[in-house]
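Engineer: I would like to see how this sequence folds:
(2 chains)
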Protein chains: 2
Amino acid sequence: MVSVVDCLRTSKELGIVKISTVEMASSPSIIARKTKKEDLADVLAMIQELADFEQMSDGPQLTVEDLVRDGGFHEEQPQKAPVFHSFVLELMEPVNAAEANNEEIRTSSSTSSNLSTRHNKSHLIGYAICFYSYSTWQGKSFFLEDLYVKPAYRKYGYGKLLFRTLVKHARENDCARFDFHVLAWNPAKEFYHAMGAQNLTEAEQWEFFRLTREQMDKLCEN
Amino acid sequence: MVSVVDCLRTSKELGIVKISTVEMASSPSIIARKTKKEDLADVLAMIQELADFEQMSDGPQLTVEDLVRDGGFHEEQPQKAPVFHSFVLELMEPVNAAEANNEEIRTSSSTSSNLSTRHNKSHLIGYAICFYSYSTWQGKSFFLEDLYVKPAYRKYGYGKLLFRTLVKHARENDCARFDFHVLAWNPAKEFYHAMGAQNLTEAEQWEFFRLTREQMDKLCEN
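Structural biologist: Numbers count the residues shown, from 1 in each chain, chains lettered A, B, ... in the order given. Reported below is the predicted structural model:
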């Protein structure tokens, strides 16, 4: 359920600077990092945005609590392996100099740590959710379930930054392949081709099948 | 990488009895069960058979040691979560009475445990390999990577027995969906439709994309 699409807005309109490099943490204004527990409400909202884009009839049914449990964010059960792994794009907009000075005077008793936090406004503009899969030909692999960048922030290389971060994570964890599904009508297909991905439905005629929970129940009860 | 295809051989030709029911362990001659460490060499041989059937240019590259490690069969590391979960179809052919008596006389000093093993010849005629996946709409799910029944044993309901066993495992482990890929030309599509599965490439136009390890390396090195 993957989507990164082109956007017609200009960088001027958005008031943000287009970054020329896509390496993780190479720009002070945008980073791709692992999701934290406190990000999950924003991630859930973006899951809904992606579902709306995909025009699917029935939407997401998960809660933040489900994501906490399944993503291994429960402090009480750190030994339980997470079912999914998640990353976010965080945009940090520096507070302008005058505003920052003003803020510093008012908060002069703060610790330096607090102060540095206050120097940036940050919010999440994208997310990705993956899980480990298995190829009986080559072994442990990585499967990308969702990749999303908010429409206003597309066309600046942020999708590539996030995608590369996932691929790097997969390599560092000895994954032999990196797989995902894309809707045939989704302009994101161009993006994935540019990343080097091959469409195996076109090349090898692999088709994607599913039993819903209802169909699973029916099969087992008969 | 899924395949169960029709076979033209008759049960008479094979000397085995076609079972009418497909419930697990309902027939004394065939069971679907979790894979044991000692099955892995046979499973690897069947992975190669399935690759041959699928006519893919590059074949499986895994060793038994890889399967031991990735399937969580290492006694030394039981805490490490397995990347895949595996099941096999085991056919037990009772030794005929005369043969069994003869055997008992020759091995009268054996323990009863050894004796009962000797009363059945058993071998593996199919396997399945799955992993846990994640749907951002419905949560924890199950993904079927391979399902294989040896050609000589098709058309007896064994594929259905194995498939239902996987679906039951998925339900018991709170999975919301059961997903897999099938090659467009594979007659097994009929089987999966009969199991209640829907072809999402046909219904919703989902296409399957992949980066190989080489493409992953290229993306990260540029």
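Engineer: for the closest residue to A:V43 other than its chain neighbours, list each beta-bridge partner.
Structural biologist: Closest residue to A:V43 in three dimensions, ignoring its sequence neighbours and counting by C-beta to C-beta, 6 or more residues apart in numbering or on different chains: A:Y127, at 4.8 Å. Every residue, glycine included, has its C-beta placed from N, CA and C. When bridges are assigned using DSSP bridges, the partners listed for A:Y127 are A:V88, A:Y148.
Engineer: contacts only, for A:Y127.
Structural biologist: Residues in contact with A:Y127, defined by C-beta atoms under 8 Å, 6 or more residues apart in numbering or on different chains, are A:35, A:39, A:42-43, A:46-47, A:86-89, A:146-148.
Engineer: how much space between it and A:Q198?
Structural biologist: 25 Å (C-beta to C-beta, to the nearest Å).
Engineer: A:A51 now?
Structural biologist: For A:A51 relative to A:Q198 (C-beta to C-beta), the value is 26 Å.
Engineer: of these two, who's got more company?
Structural biologist: Between A:A51 and A:Q198, counted using other C-beta atoms under 10 Å in any protein chain shown, the more crowded position is A:A51 (20 against 16).
Engineer: make sure the more buried one is actually in contact with A:P60.
Structural biologist: Yes. The criterion here is C-beta atoms under 8 Å, and A:A51 meets it with A:P60 at 5.4 Å.
Engineer: find residues that contact each of these two.
Structural biologist: For the pair A:A51 and A:P60, residues contacting each of them under the criterion C-beta under 8 Å, 6+ apart are B:W137.
Engineer: could I get the full set of strands for chain A?
Structural biologist: A:30-34, A:85-94, A:120-135, A:139-149, A:177-183, A:198-199, A:206-212 (DSSP state E).
Engineer: most tightly surrounded among those strands?
Structural biologist: Scoring those by mean neighbour count under mean count of other C-beta atoms under 10 Å in any protein chain shown gives strand A:139-149 as the most buried, with a mean of 24.
Engineer: that one packs against which elements?
Structural biologist: Applying 3 or more C-beta pairs under 8 Å, 6 or more residues apart in numbering or on different chains; DSSP states H and E, one finds that strand A:139-149 contacts helix A:40-54, strand A:120-135, helix A:158-172, strand A:177-183, helix B:64-70, strand B:120-135.
Engineer: just send the ones you listed back as a markdown table, with mean pLDDT and distance to B:V167 too.
Structural biologist: Output for those, formatted as a markdown table (pLDDT from 0 to 100; distance: least, C-beta to C-beta, whole Å):
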| stretch | mean pLDDT | distance to B:V167 |
| --- | --- | --- |
| helix A:40-54 | 94 | 26 |
| strand A:120-135 | 94 | 18 |
| helix A:158-172 | 98 | 29 |
| strand A:177-183 | 98 | 21 |
| helix B:64-70 | 96 | 23 |
| strand B:120-135 | 94 | 10 |
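Engineer: reformat the ones you listed as JSON lines; add distance to B:R154.
Structural biologist: Formatted as JSON lines, the entries for the helices and strands packed on strand A:139-149 read as follows, by distance: least, C-beta to C-beta, whole Å:
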{"stretch": "helix A:40-54", "distance to B:R154": "38"}
{"stretch": "strand A:120-135", "distance to B:R154": "24"}
{"stretch": "helix A:158-172", "distance to B:R154": "36"}
{"stretch": "strand A:177-183", "distance to B:R154": "28"}
{"stretch": "helix B:64-70", "distance to B:R154": "24"}
{"stretch": "strand B:120-135", "distance to B:R154": "9"}
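Engineer: A:M216 is nearest to which of the ones you listed?
Structural biologist: Taking C-beta to C-beta as the measure, these were each checked against A:M216, and strand B:120-135 came out nearest at 13.1 Å.
Engineer: tell me the angle that closest one makes with strand B:30-34.
Structural biologist: In this structure, strand B:120-135 runs at an angle of 50 degrees to strand B:30-34, with axes from the mean of the first three to the mean of the last three C-alpha atoms, to 10 degrees as the basis.
Engineer: could you quantify the relative orientation of strand B:120-135 and strand B:85-94 as an angle?
Structural biologist: Angle of strand B:120-135 versus strand B:85-94, following the same axes, to 10 degrees, is 160 degrees.
Engineer: output strand B:120-135 as PDB, nothing but the C-alphas.
Structural biologist: As requested, the backbone C-alpha atoms of strand B:120-135 are provided in PDB (Å, rounded to 0.1, in the frame of the first residue of the first chain):
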ATOM      1  CA  ASN B 120       5.300 -46.900   9.900                       C
ATOM      2  CA  LYS B 121       7.400 -45.800   7.000                       C
ATOM      3  CA  SER B 122       7.000 -42.000   6.800                       C
ATOM      4  CA  HIS B 123       8.200 -39.400   4.400                       C
ATOM      5  CA  LEU B 124       7.500 -35.800   3.600                       C
ATOM      6  CA  ILE B 125       5.300 -35.000   0.500                       C
ATOM      7  CA  GLY B 126       4.900 -31.300   0.800                       C
ATOM      8  CA  TYR B 127       5.800 -28.200   2.800                       C
ATOM      9  CA  ALA B 128       4.800 -24.600   3.300                       C
ATOM     10  CA  ILE B 129       6.800 -21.600   4.500                       C
ATOM     11  CA  CYS B 130       5.200 -18.400   5.800                       C
ATOM     12  CA  PHE B 131       6.100 -15.300   7.800                       C
ATOM     13  CA  TYR B 132       4.100 -12.700   9.800                       C
ATOM     14  CA  SER B 133       3.300  -9.500   7.900                       C
ATOM     15  CA  TYR B 134       1.600  -6.300   8.800                       C
ATOM     16  CA  SER B 135      -1.400  -4.500   7.400                       C
END
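Engineer: lowest-scoring secondary structure element of chain A by mean pLDDT?
Structural biologist: For chain A, the helix or strand with the lowest mean confidence is helix A:11-14, at a mean of 38 (criterion: mean pLDDT, DSSP states H and E).
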